[in-house]
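Enquirer: Predicted model, plus sequence, below.
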Amino acid sequence: MSEPSQSYERIYRVVRRIPRGRVATYGQVALLADLGGHARQVGYALHALRPETALPWHRVLNAQGRISARSQPGADRLQRQLLEGEGVPFDERDRIDLTRYRWKPRARRT
DNA sequence: TTTATGGCTGTCA
DNA sequence: ATGACAGCCATAA
């Protein structure tokens, strides 16, 4: 495939695997996407994804278990709302207990 | 081609 | 425990 941005697709693929009621960090997704721990690109990929792309971006948090402020206003609030709707409670500080809600994917790849 | 960002992370105080 | 600084790399102009 001559996909110019195949890297993004990998990220999307990983994010899509995140089960409902569970969350993952950018770093984690990056690792699973073979990006080698470069979480930033994950954030950019999600930032660059199109609205018609049904992707559970709201299940992706930063390493602190909190929602990062993105370009779109109110989007962080929406993310929180979506997560709460999936059964992921937030702390007083808007944080999620990653030790409990962190998605534990299996080692894939051959 | 180079330059400038950026939905982060890890370390230090 | 939180707050602040620098670094890595890919994408977009």
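Expert: Thanks, I have the structure now.

Enquirer: who touches residue A:16 in this structure?
Expert: Neighbouring residues of residue A:16 by CB atoms under 8 Å, 6 or more residues apart in numbering: A:55, A:56. Using the backbone N, CA and C atoms, a C-beta is placed for each residue, glycine as well.

Enquirer: got the buried residues for stretch A:95-110?
Expert: For stretch A:95-110, the neighbour count (16 or more other CB atoms under 10 Å) marks A:96, A:98, A:101, A:102, A:103, A:105 as buried.

Enquirer: The residue lying closest to the last one once chain neighbours are set aside: how many residues sit nearby?
Expert: This means residue A:105. Spatial nearest neighbour of residue A:105, excluding adjacent residues (CB to CB, 6 or more residues apart in numbering): residue A:32 at 6.1 Å. By the measure other CB atoms under 10 Å, the count of residues near residue A:32 is 22.

Enquirer: surely residue A:32 meets residue A:107?
Expert: No. Between residue A:32 and residue A:107 there is no contact under CB atoms under 8 Å: 9.3 Å.

Enquirer: okay, the residue of chain A found nearest DNA strand C: pLDDT?
Expert: Residue nearest to DNA strand C within chain A: residue A:7 (4.0 Å; CB to the nearest atom of the strand). What the model reports for residue A:7 is a pLDDT of 76.

Enquirer: Quick one: residues contacting it.
Expert: Neighbours of residue A:7 in contact, by CB under 8 Å, 6+ apart: A:33, A:35, A:41, A:45.

Enquirer: Okay, and it sits in which element?
Expert: helix A:6-16 (DSSP states H and E).

Enquirer: Next secondary structure element downstream of that helix?
Expert: Past helix A:6-16, the next helix or strand by DSSP H and E is strand A:24-25.

Enquirer: For the residue nearest to residue A:105, give its distance to residue A:75.
Expert: Residue A:32 sits 23 Å away from residue A:75, going by CB to CB, to the nearest Å.

Enquirer: For beta bridges, what are the partners of the residue nearest to the spatial centre of chain A?
Expert: Closest to where the C-alpha atoms of chain A average out (CA atoms, centre = their mean) is residue A:60, at 2.1 Å. Here residue A:60 sits in beta bridges with residue A:24, going by DSSP bridges.
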